[in-house]
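Undergrad: structure of the sequence below:
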Amino acid sequence: MRWLIFALMTVVSWGLYGVFLHKGQGLMADPALGRYKAFFFVGIAYLLTAVIGSGIMLMVSGAEWTFPASGMFWSVLAGLVGAIGAFCVLLAFGAQGTPAVVMSIVFAGAPIMNAIVAIALHPPVGGLSALRWPFMLGIILAAVGGFLVSLYKP
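TA: Numbers count the residues shown, from 1 in each chain. Sure thing, here's the model as predicted:
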């Protein structure tokens, strides 16, 4: 059950991300470029967390420093799509999107995208007909939930 604690910590972290990023861009005192200045510091935070943090974990664990090319490729691709997504959040804010709406769409839509790509990469035994109705209902509810939260934001 430790995985659930880490998953919930991620929910809290990513739930705070958009609000804090929007606040940071506003406090940069640069209406035209503040969002990019804020994102610059997000990059520094990623460097500290991803490179230094994982490096320490690898050293403490006595890991071998060999990296297969395919693992590096998919890992860099994952980092790129994550960074592009974070950058697009900033672009959405710059286009007058608010954290309540932008992040609601992102966090409702991301699980749907994840499900589609995961099924495409790892099809269920029996094909798409093996998908059960609660799964499909979950996809629909995620989409409807994102729509309703965005439409009726406080």
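
Undergrad: how much space is there between the residue nearest to the spatial centre of the chain and residue 59?
TA: Closest residue to the average C-alpha location of the chain: residue 82 at 6.0 Å, with Cα atoms, centre = their mean. Distance from residue 82 to residue 59, counting by Cβ to Cβ, to the nearest Å: 24 Å. All C-beta atoms are positioned from the backbone trio N, CA, C, and that covers glycine.

Undergrad: likewise residue 128?
TA: 44 Å.

Undergrad: likewise residue 30?
TA: Distance from residue 30 to residue 59, by Cβ to Cβ: 39 Å.

Undergrad: between those two, point out the one with more neighbours.
TA: Using other Cβ atoms under 10 Å as the criterion, residue 30 and residue 59 rank with residue 30 on top: 13 against 10.

Undergrad: assess the claim that that one and residue 37 are in contact.
TA: Yes: using Cβ atoms under 8 Å, residue 30 is in contact with residue 37, at 6.1 Å.

Undergrad: so what does the helix or strand hosting residue 9 touch, helix or strand wise?
TA: Assigning secondary structure by DSSP states H and E places residue 9 in helix 2-26. Using 3 or more Cβ pairs under 8 Å, 6 or more residues apart in numbering; DSSP states H and E, the elements in contact with helix 2-26 are helix 34-46, helix 69-94, helix 99-121.
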